[in-house]
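Engineer: sequence unavailable; structure follows:
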């Protein structure tokens, strides 16, 4: 049951990243490679679970995948917004 939930979350992560619309966004190579790596690894977890090669999933993995999925849904699949440093309100002189 937990393995199936983990596979579903990984599939949703891959779909959200795959359906990212790049309108009004600059193309950056490092973010596209990171997205590709995340899509491939997420789909691999789904396939391993489908073919019963993934025998165990832990609660920590599910929480981590759910957190990543929620962050990707909030950023509309844009990894660049997740990787940027937060902007501080103070200006240094």
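Structural biologist: Great, that's in hand. None of these values were measured; they are calculated from a predicted model.

Engineer: how about residues contacting the helix or strand bottoming out on mean pLDDT in the chain?
Structural biologist: The helix or strand of the chain with the lowest confidence, counting by mean pLDDT, DSSP states H and E, is helix 79-83 at a mean of 83. For helix 79-83, the external contacting residues (CB atoms under 8 Å, 6 or more residues apart in numbering) are 17, 25, 28, 31, 34-35, 38, 71-72, 75. The C-beta positions use only the backbone N, C-alpha and C, and glycine is treated the same way.

Engineer: gap between whichever strand or helix holds residue 41 and the chain center?
Structural biologist: Per DSSP states H and E: residue 41 is located in helix 29-50. Relative to its parent chain, helix 29-50 has a centroid offset of 8 Å by CA atoms, centre = their mean, to the nearest Å.

Engineer: please name the nearest non-neighbouring residue to the most centrally placed residue in the chain.
Structural biologist: Nearest to the mean C-alpha position of the chain, by CA atoms, centre = their mean, lies residue 13 at 4.8 Å. Nearest residue to residue 13 in three dimensions, chain neighbours excluded: residue 42, at 4.6 Å (CB to CB, 6 or more residues apart in numbering).
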